[in-house]
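Here is a sequence together with a model predicted from it:
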Amino acid sequence: MISLSSPVTGQAQTGLTSPTYTTTTDYSPPNVSGKQQAITALGGTQTGVTTHTVASPFTINFTKPNVLRVLGLPNPITGKLSPRDVPRNTYKVITRKGVTVLSGQAIVPMVITTTIEVPAGADTVDPLNVRAALSLHGGAIQQQSANLGETITTGIL
C-alpha cells in the first residue's frame, strides 16, 4: 500500500543542497484509482524552486488499474499460454512540476511518468522477481538522479 511519508528526501541534483519536500494529501487526484500528494513546503537549499499552486503544480500521483486483470485459461489443446494472451496490470507514478519555459510567460507542467506493467499472474507466482525488477529500477534512478538531471538539462547522455 502506498503511503508516502512526509517530508520526502530528494536525491542529489546540481543546485540543490539536501532537498526535502513536505507533502499533503490531495483529495481530488486526477484518477479515482490514484493517490496524490502536493508539495507544500521545501527544505534544504532550493533557491528558485516553488511549491504547489493551481497555476504551477508540484504533485506526485500513484495509480493502479481501475479493474485488476487476472490470468486467463491456457489453450485447451496445447495447455500453453501465448505471451500475447497474458493481460497486464499497469501501475504509474506521475510527478508534475510547473516550470518556466520563457521569462514572463505562463508556467507549463513538466511530467515524469514511470509505468509499471505487470503480467497478470506474476504477482502470485513470481513476486520476488517482480520486486527485484522494482528494486533495480528504483535503485538505478536513485543512483543516477543527478546524472539524469545533467542529461535532461544538457542533452548529453
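Thanks, I have it. Nothing here was measured: the structure is a model prediction, and the numbers come from that model.

What's the separation between N31 and G104?
33 Å (Cβ to Cβ, to the nearest Å). Bear in mind the C-beta positions are built from the backbone N, C-alpha and C, glycine included.

Which strand or helix spans the spatially most central residue of the chain?
The chain has V93 as the residue nearest its centroid, 2.5 Å off, counting by Cα atoms, centre = their mean. For V93, the enclosing helix or strand under DSSP states H and E is strand 88-100.

ok, back up a step: quick one: which of N31 and G104 has more around it?
More crowded of N31 and G104, by other Cβ atoms under 10 Å: N31, with 14 against 5.

who are the neighbours in contact with that one?
Neighbouring residues of N31 by Cβ atoms under 8 Å, 6 or more residues apart in numbering: N61, T63, N66.

Can I get the buried part of those residues as one ChimeraX selection?
Burial among the contacts of N31 is assessed by 16 or more other Cβ atoms under 10 Å; the matching ChimeraX selection reads:
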select :61,63
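
And A55, how far from Q143?
34 Å.

With T24 instead?
29 Å.

what residue ranges in this structure score low on pLDDT?
Along the chain, no part satisfies pLDDT under 70.

element containing I77, please.
Counting by DSSP H and E, I77 is part of no helix or strand.

and it, how many neighbours?
Counted with other Cβ under 10 Å, I77 comes out at 6.

Please report phi then psi for it.
phi -90, psi -50 (degrees, to the nearest 10).

Might you report the residue contacts of the nearest residue to the residue nearest to the centre of the chain once chain neighbours are set aside?
Using Cβ to Cβ, 6 or more residues apart in numbering and skipping the chain neighbours, the partner closest in space to V93 is T114 (4.5 Å). With contact taken as Cβ under 8 Å, 6+ apart, T114 is in contact with K92, V93, I94, H137, I141.

If you rank those residues by neighbours, which is first?
Taking other Cβ under 10 Å as the neighbour criterion, I94 ranks highest of those with 19 neighbours.

Quick check: that residue vs A120, distance?
22 Å.

What of S6?
33 Å.

now stretch 92-110, how far from the chain's geometric center?
Offset of stretch 92-110 from its chain centre (Cα atoms, centre = their mean, to the nearest Å): 16 Å.

Looking at this structure, name the residue that lies furthest from the middle.
I77 (41.1 Å).
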